[in-house]
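> Give me a 3D structure for the following:
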Amino acid sequence: MTNQLNERSLVEGVANHVVGRNREIELVVAALTADRHILLEGPPGTGKSTLLRTVADQIGVGFHFVEGNAELTPARLIGYFDPARVLNEGFDPDTFVDGPLVAALREGALLYIEELNRVPEETLNVLVTVMSERETVVPRLGRIGAADGFRLVAAMNPFDAVGTARISSAIYDRVCRLAIDYQSADDEASITENALVDRAGADDPGELARVVELVRRTRTHPDVRIGSSVRGAIDMSAIAATLAGVRGGAPGDRSVSLDAALLALSGRIRVNEGSDRSPEDIITELWNDVFAPPPDESDDATNSGKVTAP
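Now for the predicted structure:
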């Protein structure tokens, strides 16, 4: 019963710092308190790293961040002997510089690897051994075992094929996988509002809702392969607020809002191969749909003074 209360308190503590994601918070807390490794899969901008960092903070354990990329060699992950000190002192343990993996093992901390599917295979093999044996062996240094609390937490975007590789079944067999999708429109509006809380001119709820709607439509447009995350809504709102000051207008003015949308979103979307449309063309189309929809026929009839027959 005590453990259940502690876990519930932990979930509530995380929920106070993360918008929405109640189910995901419960599952991540359950996996980590059960001493399991976990992998979050989802598109960028869905709060994967924010969730993991907040859980680590609430648990009160260390958090070693590693950016996954092609340059992440085993030596960079594990650590290395300082060449200058080795010349004077030899291969002494004191001359070894801990990499993030060794530091997390020694401290019993979380090792967080972002973009796991960008990590070279030889480096992933190191992680397989660590997850299986809870230790790593470094030549001339010896065995380094995992202190209590060590866990691997990782995140990746499975939809981006550029510079990525397939994750082997050996990795999947040693982690708990949680798929994370985009949040609801209300949650994304809250995230955007929170990010802009101190920015004057970016607090109109109606304008904010339209910005979020525009960003969400980029994800379902037939000519778009990958749409924008909520970061696009945050950037568009912030730019519109400052651009309005530059031009002496309001954030909702067409010239301000559309230019802010083009600047914030055109680089974030990926157009389908074979499409002859540009990102700017698509963003302009979506902006018109959301911010300047054509009046319906009933409005036209009313505005023109025409009276329909009974």
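> For the residue most central in space within the chain, which non-adjacent residue is closest in space?
Central residue of the chain (C-alpha atoms, centre = their mean): Gly45, 3.9 Å from the mean position. Residue nearest to Gly45 in three dimensions, not counting chain neighbours: Ser229, with 2.1 Å by C-beta to C-beta, 6 or more residues apart in numbering. Placement of C-beta: from N, CA and C, glycine included.
> for this structure, what spans make up the strands?
Ranges of strands in the chain, per DSSP state E, are 38-41, 63-67, 79-81, 96-98, 110-114, 135-138, 142-145, 151-156, 176-179, 224-226, 270-271.
> partner strands of the last one, parallel or antiparallel?
Each strand paired with strand 270-271, and its direction, by DSSP bridges: strand 224-226 (antiparallel).
> do the fifth one as well
Note on strand 110-114: by DSSP bridges, its sheet partners are strand 63-67 (parallel), strand 151-156 (parallel).
> Let's have the strands of the chain in JSON lines, adding mean neighbour count and distance to Glu193.
JSON lines is the format used below for those (neighbours: other C-beta atoms under 10 Å; distance: least, C-beta to C-beta, whole Å):
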{"stretch": "strand 38-41", "mean neighbour count": "22", "distance to Glu193": "24"}
{"stretch": "strand 63-67", "mean neighbour count": "16", "distance to Glu193": "27"}
{"stretch": "strand 79-81", "mean neighbour count": "18", "distance to Glu193": "42"}
{"stretch": "strand 96-98", "mean neighbour count": "16", "distance to Glu193": "41"}
{"stretch": "strand 110-114", "mean neighbour count": "23", "distance to Glu193": "26"}
{"stretch": "strand 135-138", "mean neighbour count": "16", "distance to Glu193": "44"}
{"stretch": "strand 142-145", "mean neighbour count": "12", "distance to Glu193": "45"}
{"stretch": "strand 151-156", "mean neighbour count": "24", "distance to Glu193": "25"}
{"stretch": "strand 176-179", "mean neighbour count": "14", "distance to Glu193": "26"}
{"stretch": "strand 224-226", "mean neighbour count": "17", "distance to Glu193": "25"}
{"stretch": "strand 270-271", "mean neighbour count": "17", "distance to Glu193": "27"}
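> Quick one: those strands as JSON lines, columns for distance to Ala238 too.
JSON lines is the format used below for the strands of the chain (distance: least, C-beta to C-beta, whole Å):
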{"stretch": "strand 38-41", "distance to Ala238": "27"}
{"stretch": "strand 63-67", "distance to Ala238": "25"}
{"stretch": "strand 79-81", "distance to Ala238": "40"}
{"stretch": "strand 96-98", "distance to Ala238": "39"}
{"stretch": "strand 110-114", "distance to Ala238": "24"}
{"stretch": "strand 135-138", "distance to Ala238": "44"}
{"stretch": "strand 142-145", "distance to Ala238": "45"}
{"stretch": "strand 151-156", "distance to Ala238": "25"}
{"stretch": "strand 176-179", "distance to Ala238": "30"}
{"stretch": "strand 224-226", "distance to Ala238": "22"}
{"stretch": "strand 270-271", "distance to Ala238": "23"}
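> To Ile25, which of the ones you listed lies closest?
For Ile25, the closest of the strands of the chain is strand 176-179, at 10.6 Å, according to C-beta to C-beta.
> what about stretch 272-287, distance to the chain center?
24 Å (C-alpha atoms, centre = their mean, to the nearest Å).
> correction: stretch 167-179
So, by C-alpha atoms, centre = their mean, the centroid of stretch 167-179 is 19 Å from its chain's centroid.
> How about residues contacting that stretch?
Stretch 167-179 is contacted from outside by 24, 27-28, 31, 36-42, 116-117, 121, 124, 127-128, 131-132, 152, 154, 156, using C-beta atoms under 8 Å, 6 or more residues apart in numbering.
> now swap in stretch 206-218 and tell me
182, 185, 188-189, 192-193, 202, 224, 227-230, 232-233, 236-237, 240, 251-252, 257, 261, 265, 268-269, 282-283, 286-287, 289-291.
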